[in-house]
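Participant: requesting a structural model of the entry that follows:
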Amino acid sequence: MAQGLGEQALANLLGCPPEQHVPQLEQFEKFVLGQRLAASEAQSHVVAKSIGKTHDELLREQARNEALNRTVEVLSARSSPPRPIRMDAPKFDGFAARTIVHWLLAMEQCGVAQLIEDDSQMVSYAMSHLRGKASEWAYSALLADSKAFGSWAIFKTKIRAMY
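Facilitator: Residues are numbered from 1 along each chain as shown. Okay, the predicted model is just below:
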């Protein structure tokens, strides 16, 4: 009890007549309760302030995240790679010689639509659309020399010369 009252308060309590003990203890109890209430209110104020600050920080962070998400959406829409367009490419069999120019033009258009940028892929793509004697000619040339069609330009020159 001495720790709660303090040495001086305990001495005062013991020095007064017994009929004053109860009123003094009640007064001390009110003082202690007041101190506890003040400490509790101060702590509540600190917690409320902290919650308010945290709430504001969360709102700012949410706004930043929403702005970043919008930026990502805009950049994704801009930078999405083009998709190839499916086209039915004509076949070339080597019989209608006057159609070779049209067939090569159609192959180039289909290559653009298919997003083919590499010469070797373009040659392979075109060869996959050859039929009959034209196919036999192209694959025979490759068997004889694996680098027979080193570029799309070489392939076009050789097939025009043949047909």
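Participant: which helix or strand lies directly C-terminal to the worst-scoring helix or strand of the chain on mean pLDDT?
Facilitator: Least confident helix or strand of the chain, by mean pLDDT, DSSP states H and E, is helix 2-5 with a mean of 53. Next along the chain after helix 2-5, taking DSSP states H and E as the criterion, comes helix 7-15.
Participant: tell me the helix or strand right after that following helix.
Facilitator: Next along from helix 7-15, by DSSP H and E: helix 21-79.
Participant: and that following helix, what does it pack against?
Facilitator: helix 7-15 (3 or more CB pairs under 8 Å, 6 or more residues apart in numbering; DSSP states H and E). For glycine as for every other residue, the C-beta is placed from the backbone atoms N, C-alpha and C.
Participant: what helices or strands is the helix it packs on leaning on?
Facilitator: Partner elements for helix 7-15 (3+ CB pairs under 8 Å, 6+ apart): helix 21-79.
Participant: and the angle from the helix it packs on to helix 7-15?
Facilitator: Going by axes from the mean of the first three to the mean of the last three CA atoms, to 10 degrees, helix 21-79 is angled at 150 degrees with respect to helix 7-15.
Participant: residues in contact with stretch 125-142?
Facilitator: Outside stretch 125-142, the residues that touch it by CB atoms under 8 Å, 6 or more residues apart in numbering are 89-95, 104, 107, 110-111, 114, 116, 148-149, 152, 155, 158-159, 162-163.
Participant: let me see the contact set for Pro90.
Facilitator: The neighbours of Pro90, taking CB under 8 Å, 6+ apart as the test, are His102, Trp103, Ala106, His129.
Participant: and the buried ones among these, selectable in PyMOL?
Facilitator: Buried residues within the contacts of Pro90, by 16 or more other CB atoms under 10 Å, are selected in PyMOL with:
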select buried, resi 103+106+129
